[in-house]
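Asks: dropping the sequence and predicted coords here.
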Amino acid sequence: MELAIVIAVIVVALVFDYTNGFHDAANAIATSVSTRALTPRVALAMAAVMNFVGAFLGQKVAETVAEVISPPSDTHGLIIVMAGLLGAITWNLITWYFGLPSSSSHALIGGLVGAAMAAGVGVKWGVVVDKVLIPMILSPVFAFAAGFAVMILILWLFRRASPARANRGFRMAQTASAAAMALGHGLQDAQKTMGVIFLALVTIGYAETGDGLPWWVIVLAATAISLGTLSGGWRIMRTLGRRIIHLDPPRGFAAESVAASVLYTTAYVFEAPISTTHTITSAVMGVGATKRLSAVRWGVAKSILTGWVLTFPAAGAVAAVAYWLSHFLIEVLP
């Protein structure tokens, strides 16, 4: 029974990873596609490859995710992890359907916390506050401010350049900035699935807390998120690429560069599983605000912000319900 549940948890974790890929495909390529720097097919293929590569570049974020809760070391603990994943997947699908670029990362953390609370087991609130909630607030604020500042600098440096020539140059540069963004997405988001799978292995005694990630966990997580990215998330892409603000190539380059920098810094320096969605969306708003504040469609931004605020508790609530149902079906029914 234990082995079957472990396998089920790994499969569900990879399903989450896949939904993360198509839900967050817009993070890496929406700006490049909207400015016509890259065609959708080329952009998706590039993003999928860079997602795969990025997954192999670190393990610190995965270690943080694996530390969020302390499930019991038995089948009950696996049920808690499974319920957390189901909560995250459900919220991903809901926000994808409505085209809202919410955070898969915070859906996952919220799901794990909600399932743990429903089960009455330990939540490491110090880790949640220091490495999830505080970065959740600060990273979008920083991305907005940095996007605004970098775009002002670009406008000043190229103030005498021909607009047509500058657009051509930045459209070419967006190939690099979009690749950097996709690499950061793989670095951040694939590791979150690795962390959950590792948590399940530790819970059942197949691994120890101090062990490194097994190679097969890294390969599976990298493959699942890449395939998800390749399938694309067109609903969210339209929101991020056009509905917030109509981007030009310089602003697309600035937004992607800032967002990628934030992803690398938080992964390597702070070991924090931040949201790639929050980061790129805030950077897009920041660069867009350099036109004029009214150029940003704040009504759309308000809807996105609502999705952000709801993600953690909503995924947690769904995970709690999933836990109660799973617990009843597996441990109560004969």
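Replies: It's in. Residues are numbered from 1 along each chain as shown.
Asks: helices of this structure, residue ranges please.
Replies: 2-34, 40-54, 60-66, 75-97, 104-119, 125-128, 134-157, 163-185, 191-203, 215-231, 234-238, 249-265, 276-288, 298-327 (DSSP state H).
Asks: list the buried ones in the longest one?
Replies: Within helix 2-34, the residues that qualify as buried are 5-6, 9-10, 12-34, counting by 16 or more other Cβ atoms under 10 Å. Yep, even glycine has a C-beta here, placed from its N, CA and C like the rest.
Asks: let me see the contact set for residue 20.
Replies: Applying Cβ atoms under 8 Å, 6 or more residues apart in numbering, we find residue 20 in contact with 92, 104, 189, 192, 193, 225, 228.
Asks: just give me the closest of these to residue 312.
Replies: residue 104 (12.0 Å; Cβ to Cβ).
Asks: contacts only, for that closest one.
Replies: Contacts of residue 104 by Cβ under 8 Å, 6+ apart are 16, 19, 20, 23, 24, 88, 92, 189, 192, 275, 277.
Asks: how far away is the spatially closest residue to it that is not a sequence neighbour from residue 73?
Replies: Leaving aside its chain neighbours, residue 104 sits nearest to residue 20 (4.2 Å; criterion: Cβ to Cβ, 6 or more residues apart in numbering). Distance, residue 20 to residue 73, by Cβ to Cβ, to the nearest Å: 27 Å.
Asks: list the buried residues for stretch 165-182?
Replies: 166-167, 169-171, 173-175, 177-182.
Asks: and those residues, which two are furthest apart?
Replies: Counting by Cβ to Cβ, the most remote pair of those is 166 and 182, 24.1 Å apart.
Asks: ok, back up a step: now the contacts of residue 20 in CSV, please, with extra columns for pLDDT.
Replies: What follows is the contacts of residue 20, written out as CSV (pLDDT from 0 to 100):
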residue, pLDDT
92, 82
104, 84
189, 91
192, 92
193, 94
225, 93
228, 88
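Asks: just give me the closest of those to residue 315.
Replies: For these, the nearest to residue 315 is residue 92 (8.5 Å; Cβ to Cβ).
Asks: now the spatially closest residue to that closest one that is not a sequence neighbour: how far from residue 229?
Replies: Excluding the flanking residues, the one nearest residue 92 by Cβ to Cβ, 6+ apart is residue 19, at 4.5 Å. Residue 19 sits 11 Å away from residue 229 when distances are taken as Cβ to Cβ.
Asks: do the same with residue 313
Replies: 27 Å.
Asks: who has more neighbours out of the two?
Replies: residue 229 (33 against 13; other Cβ atoms under 10 Å).
Asks: surely that one touches residue 18?
Replies: No - under the criterion of Cβ atoms under 8 Å, residue 229 is not in contact with residue 18, lying 9.1 Å apart.
Asks: now the common contact residues for those two.
Replies: When contacts are counted by Cβ under 8 Å, 6+ apart, residue 229 and residue 18 have no shared neighbour.
Asks: just the pLDDT at residue 245, thanks.
Replies: We have a pLDDT of 61 for residue 245.
Asks: repeat that for residue 47.
Replies: For residue 47, the model assigns a pLDDT of 87.
Asks: quick check: the gap between it and residue 78.
Replies: Counting by Cβ to Cβ - residue 47 and residue 78 are separated by 32 Å.
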